[in-house]
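In: Kindly return the folded structure for what I paste below:
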Amino acid sequence: MSSQAAVMELLQESMEKRYVQTGIVEKISQVKIRNETEELILINFNGVTVYCRKEEFIKREIKSFSGFLQTPVPFLVKRITPEGNVIVSRTEALPWVARNFIRNYSVGDFVTGTVSGVTENNMVFVDVSGVPCIIPPQEWSQNRPMNLREFLRVGTELELKILSIDELKKEPVDGEESTENVTTEFGYRVRLSRKAILDEEKEKIWDKIEEYYNPGDTTVAKVTGYASGQNSFFLELPKGLVILGNLQSNLRRQYGGTLPLGLKVHVNILRMDKATRRGKAKIFKVDPTLQSTLRKPYAFDHHTS
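Out: Numbering: from 1, shown residues only. Predicted structure coming up:
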């Protein structure tokens, strides 16, 4: 038996026994089935393409299905035509997926999710075992993101922590009324956190900080914010730890004590305090490819406190 024949046999059994399967959304395309042409959602299931009508994919009307491309979705097989076309439904699979999710996951659990979309206000939509979930902007990282749509791609896998599982209410929460990927079929709002994962990883690093950073070490860092004073910055180290940093005197005279956010700098570690989870470094070099973006000396435009 060929591999395709084996997959078709599995789909036939899934239809008869109502097994939920999962496939990857390939594309949205015009398809002719039994002399009728319709724009359908094409889903790849183990090398075999199955077809889902838009109204069987999501109950609400949405402007675009592009956020689902290359993401895993659950489905139930509704029928197989005499020509061998497999017609499926995502909406009918979601109640089964919902029951399984609620039974197997709890607040505080760690999960792996696949990004299915990002809004202009940095709300991230994630699929976890077929369930649509969200990462609120404030749960992405310690530093609130500027524009996640610029670098976070659909299909990216993330390790996340479940913050809450709440029954979906009628009133919108966290600006979700303006989004397109929030699906109501699941019946619950699941909030996830990437920041919680990063924070736990950082705590483990601080517990063994001497294995990572020690006074006198040199490394690269990224400017992520302005601290009190005209020459004090928050610096993110490669391991994700955020410490304080100051420009050494020659750079302070050259650049006026102000650096743009996101600038890569070279630093010398002065101290790393395990007990207080605080560190300090001296900036001795800036990324030469970004020097042209630096402001003229003493052109401070950030507020100090």
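
In: So, low pLDDT: which residues of the chain?
Out: Flagging of the chain using pLDDT under 70 yields the residue ranges 1, 60, 143-146, 169-186, 256-257, 288-305.

In: Which residue lies nearest the spatial centre of it?
Out: The centroid of the chain falls nearest to residue 115 when counting by Cα atoms, centre = their mean (5.2 Å).

In: and the spatially closest residue to that residue that is not a sequence neighbour, how many neighbours does it have?
Out: Residue nearest to residue 115 in three dimensions, not counting chain neighbours: residue 156, with 4.5 Å by Cβ to Cβ, 6 or more residues apart in numbering. Quick note: C-beta positions are derived from backbone N, CA and C, even for glycine. The number of residues packed near residue 156 is 16, by other Cβ atoms under 10 Å.

In: just use 446 as the starting number from now, easier for me
Out: I'll keep to 446 as the first residue from here, and by that count the last item is residue 601.

In: pretty sure the residue nearest to the centre of the chain belongs to a helix, no?
Out: No. Read with DSSP: H, G, I helix; E, B strand; the rest coil, residue 560 is strand and lies in no helix.

In: still on that earlier bit, against residue 500, how distant is the residue nearest to residue 560?
Out: Noted for residue 601: a distance of 28 Å to residue 500, by Cβ to Cβ, to the nearest Å.

In: Over to residue 636?
Out: 28 Å.

In: Looks like the residue nearest to residue 560 contacts residue 559 (just checking).
Out: Yes. The pair residue 601 / residue 559 is scored as a contact, 7.2 Å apart, by Cβ atoms under 8 Å.

In: Which segments of this structure make up each domain?
Out: Domain ranges of the chain: 448-534, 539-645, 657-738, per automatic domain parsing.

In: how far out from the middle of the chain is stretch 548-562?
Out: Centroid separation for stretch 548-562 versus its chain: 12 Å, with Cα atoms, centre = their mean, to the nearest Å.

In: who's in contact with it?
Out: Where contact means Cβ atoms under 8 Å, 6 or more residues apart in numbering, the residues beyond stretch 548-562 that reach it are 512-513, 516-517, 569-574, 577-578, 597-610, 624-626, 637, 642.

In: Surely residue 641 touches residue 603?
Out: No. The criterion here is Cβ under 8 Å, and residue 641 misses it with residue 603 at 11.8 Å.

In: thinking again about what came up before, between residue 636 and residue 500, which one's more packed in?
Out: Taking neighbours as other Cβ under 10 Å, residue 636 and residue 500 compare with residue 636 leading, 19 against 11.

In: residues making contact with the helix or strand where the more buried one lies?
Out: Using DSSP states H and E, residue 636 sits in strand 633-638. Contact with strand 633-638 is made by 543, 546-547, 556, 558, 571, 573, 576-581, 584, 605-613, 618, as judged by Cβ under 8 Å, 6+ apart.

In: Show me those that map onto strands.
Out: Within the contacts of strand 633-638, residues falling in strands by DSSP state E are 556, 558, 571, 573, 576-580, 605-612.

In: Any of these buried? List them.
Out: In the ones in strands among the contacts of strand 633-638, burial by neighbour count holds for 556, 558, 571, 573, 576-580, 605-608, 610, counting by 16 or more other Cβ atoms under 10 Å.

In: Output the residues you listed in TSV; the columns should cover distance to residue 454.
Out: Shown next, in TSV, are these (distance: Cβ to Cβ, whole Å):
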residue	distance to residue 454
556	31
558	31
571	33
573	29
576	28
577	30
578	33
579	37
580	39
605	35
606	39
607	36
608	41
610	36
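
In: Could you identify the most distant pair in these?
Out: Spanning the widest gap among those are 577 and 606, at 17.1 Å by Cβ to Cβ.
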